[in-house]
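Enquirer: Next comes the sequence, and after it the predicted model I'd like to discuss.
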Amino acid sequence: MLGQKERHIKKRMEGRVIINRLMMVLFGVATAIGLIFLVLLFYRVLTQGIGYLNWDYLSNFPAPYPEEAGIYAGLIGSIMLMVIVAIFSVMVGVGSAIYLEEYAPKNRMTEFIRINIQNLAGVPSIVFGLLGLTFFVYLFSFGYTLIAGGLTMALLILPVIIVAAQEAVRSVPAEMKEASYGMGATKWQTISRVILPAAVPGILTGTIIALSRAIGETAPLIIVGAAAAIYTLPESLLAKYTVMPIQIYNWTSRPAEEWQFVAGAGIIVLLVVLLLMNSIAVWIRNKYQHRL
Amino acid sequence: MSEVMVKKKNNTVNKASKREENSFGLQKEKANHIIEVNDLNLWYGSDQALYEVNMDVPEKQVTAIIGPSGCGKSTFLKTLNRMVEMVPVVKTSGSIKYRDQEIFNRKYKQEYLRTKVGMVFQKPNPFPKSVYDNVAYGPRIHGIKKKEILDQIVEKSLKGAAIWDELKDRLHENAYGLSGGQQQRVCIARALAVEPDVILMDEPTSALDPISTAKVEELVQELKEKYSIIIVTHNMQQAARISDKTAFFLNGELIEFADTDHLFQNPQDKRTEDYITGRFG
Ligand SMILES: Nc1ncnc2c1ncn2[C@@H]1O[C@H](COP(=O)(O)OP(=O)(O)O)[C@@H](O)[C@H]1O
Ligand SMILES: [Mg+2]
């Protein structure tokens, strides 16, 4: 009886080992496919774009000839847009996170809101574009301006920031809060002196990662009317603007091959900015990780 | 049944302490009860954790709370400064008076109560700030900004916690770099800096080595000159060493509350006797 059972297990064992191997190979191939395409992409972008990448490219406005065209307007536009996005999304996002984590009663309504914020993070960006068009462009009559674009993008990344900030606030050790309340601190004193300082690294990291997603977004900005080409920098919040991905998109859609190289150079600049932002996020995370 | 017994017991305890007072020539019979707990019940949601607790805490003495783990010691302690209400599902009934004021009264400010009834926790929990900023935290939240005054308070509190000499040259180092025992005494100093009346300590030495434990125990003896101390411990020797009165809790009930010598040498309840002789828990 026992021998039979053992034999049975052994027989099944062989099958399990084979399946295990097979799976390992499958997943390995999947990883390889991803990597190969990534390398190809980098190779193509680098070889095509690098020739056009120089100081003039960084400091020139768009031009009718590929040799004279530059990404300056897009680069500065993207940076300005991100500053607006960061200000609004962090203010509203951190506020909501603190409310949800520290003030809101722990009931079904709060839970419902929490879950829906997470769902919002998965809504396609184009939907936020339409929202921005309806509210900021038309209803608030901002028109196709920097502020309309900034607020739209702020809405787009708000859910991600709220979730990141909630996690950061939640991960502040309970003992720390108890210590503060135990000395007669009010809720706000505890939030401002203990919880927020401890949550700042997490909030910053989350914000930068969210921003680095926003900086590559194109669809919502096309809808709320970012310009394809501008020849002066935006001088106010109510000025026309453009951003890097839109300029790149615009160049790629031109027939002459040189424009593809101009676009390639733009992609390199965009990637470098992205890499920079992500490095800062990682740096902040590592710097503060071992503190708590 | 048992509830009635507890009440009776408490009555006898009260009488005993009254007699004591008279022999010491103290004025009012209530004068040396800093906290009075009457018929306290507490629920976590639908689970009752404390049953009809009656207890009068003497002023400027050390009161130990002993009992097996899960019997409600921490819950009881945290009820005394209403920290237990940080758990949203907590409900209470009964009365707790601090200096004759009902702390469950709606108008009674939790923040005020906690400045008067301070707390030291089981695990040392300094803020990730300097020693100085840790100790100055309490005075600062209560509005003290002048550097000279803060300096004085920090020095006084660290001296009060018997750690000034060790740390006076390291005030601006992060408290996280200190040893566990030093961290715990910084936490005690931090509690003292608010100038409380009562200090609640929840197993303050359970995370410490024997030497640090001895230091904290010694400190408790010094502190009772000025403060009323309630200390939870699951170490009966510790209770016997450092406390004047001892309360024995079991399954959320206060089984016996008496002078420490009395409780350990001549327990009135069978369950107390079983516990202190190590028959369970
Ligand atoms: N936050 C909480 N939520 C629900 N039940 C709790 C909570 N804290 C403690 N309890 C329950 O209350 C009882 C007493 O716990 P506690 O006061 O921590 O005991 P002790 O400090 O004596 O070990 C236990 O049964 C425990 O499970
Ligand atoms: Mg406990």
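Expert: Looks like it arrived, so ask away. Ligands and ions are numbered 1, 2, ... in the order given.
Enquirer: wait, residue B:216 sits on residue B:186?
Expert: No: checked against Cβ atoms under 8 Å, the pair residue B:216 and residue B:186 is beyond contact range at 11.7 Å. For every residue, glycine as well, the C-beta is placed using N, CA and C.
Enquirer: what residues does the stretch 1-150 of chain A put near chain B?
Expert: A:105, A:106 (Cβ under 8 Å from any Cβ of the partner chain).
Enquirer: Give me the local confidence score for residue 257.
Expert: Using chain A here. Listed pLDDT for residue A:257 reads 87.
Enquirer: Chain B was what I was after
Expert: With respect to pLDDT, residue B:257 has a value of 96.
Enquirer: likewise residue A:175?
Expert: 93.
Enquirer: what about it, which helix or strand?
Expert: Residue A:175 is located in helix A:174-181, with elements delineated by DSSP states H and E.
Enquirer: for residue A:101, helix, strand, or coil?
Expert: What DSSP: H, G, I helix; E, B strand; the rest coil gives for residue A:101 is helix.
Enquirer: For residue B:260, give me its contacts.
Expert: Going by Cβ atoms under 8 Å, 6 or more residues apart in numbering or on different chains, residue B:260 touches B:64, B:239, B:240, B:243, B:244, B:245, B:246.
Enquirer: Quick check: the fifth one touching residue B:257?
Expert: Yep, that's residue B:244 we're talking about. No: taking Cβ under 8 Å as the definition, residue B:244 is not a contact partner of residue B:257, at 11.8 Å.
Enquirer: And the two? Which one has more around it.
Expert: residue B:257 (25 against 15; other Cβ atoms under 10 Å in any protein chain shown).
Enquirer: export the helix or strand where that one lies as CSV, just CAs?
Expert: When elements are assigned from DSSP H and E, residue B:257 belongs to strand B:253-259. What follows is strand B:253-259, C-alpha atoms only, in CSV (Å, rounded to 0.1, in the frame of the first residue of the first chain):
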residue,chain,number,x,y,z
GLU,B,253,-10.7,41.3,35.5
LEU,B,254,-8.8,42.9,38.4
ILE,B,255,-8.5,39.9,40.7
GLU,B,256,-6.6,41.4,43.5
PHE,B,257,-5.1,44.8,44.4
ALA,B,258,-3.1,45.3,47.5
ASP,B,259,0.2,46.4,49.0
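Enquirer: That one near ligand 1 at all?
Expert: No: against ligand 1, strand B:253-259 shows no contacts by Cβ under 6 Å from any ligand atom, the least distance being 11.6 Å.
Enquirer: repeat for stretch B:201-208
Expert: No: Stretch B:201-208 is not in contact with ligand 1 by Cβ under 6 Å from any ligand atom; minimum separation 7.3 Å.
Enquirer: buried ones in that stretch?
Expert: Under the neighbour-count criterion of 16 or more other Cβ atoms under 10 Å in any protein chain shown, stretch B:201-208 has B:201, B:202, B:203, B:204, B:205, B:207, B:208 buried.
Enquirer: For the nearest residue to the fourth one once chain neighbours are set aside, grab phi and psi.
Expert: In space, and not counting its chain neighbours, residue B:204 is closest to residue B:120: 5.1 Å by Cβ to Cβ, 6 or more residues apart in numbering or on different chains. Geometry field for residue B:120 lists phi and psi as phi -120, psi 130, criterion degrees, to the nearest 10.
Enquirer: Can you give me the distance of residue B:120 to ligand 1?
Expert: 14 Å (Cβ to the nearest ligand atom, to the nearest Å).
Enquirer: ok, what's across the strand from that residue?
Expert: Under DSSP bridges, the beta-bridge partners of residue B:120 are residue B:201.
Enquirer: any idea where the helices of the chain begin and end?
Expert: In the absence of a named chain, this looks at chain A. Assigned by DSSP state H, the helices in chain A fall at A:2-49, A:55-59, A:72-98, A:108-120, A:125-132, A:146-170, A:174-181, A:187-190, A:196-214, A:219-223, A:244-252, A:257-289.
Enquirer: not quite, I wanted chain B
Expert: B:2-24, B:73-80, B:110-116, B:131-141, B:147-160, B:164-167, B:180-192, B:210-223, B:236-242, B:260-265, B:270-276.
Enquirer: Ligand 1 is nearest to which of these?
Expert: helix B:73-80 (3.1 Å; Cβ to the nearest ligand atom).
Enquirer: Help me see whether that closest one makes contact with ligand 1, please.
Expert: Yes: interface with ligand 1: helix B:73-80 contributes B:73, B:74, B:75 (Cβ under 6 Å from any ligand atom).
Enquirer: Compare these and tell me which is most surrounded.
Expert: Among those, residue B:73 has the most neighbours (other Cβ under 10 Å), with 24 neighbours.
Enquirer: residues in contact with it?
Expert: Contacts of residue B:73 by Cβ under 8 Å, 6+ apart are B:65, B:66, B:67, B:202, B:232, B:234, B:249.
Enquirer: how about the residues of the stretch 151-292 of chain A near chain B?
Expert: By the rule Cβ under 8 Å from any Cβ, the part of the stretch 151-292 of chain A lying against chain B is A:173, A:175-186, A:189, A:193-194, A:198, A:291-292.
Enquirer: which of those residues count as buried?
Expert: In these, the ones that pass as buried (16+ other Cβ under 10 Å) are A:175-185, A:189, A:193-194, A:198.
Enquirer: ok, residue A:15 to chain B distance?
Expert: Plainly put, residue A:15 is 48 Å away from chain B if you go by Cβ to the nearest Cβ, to the nearest Å.
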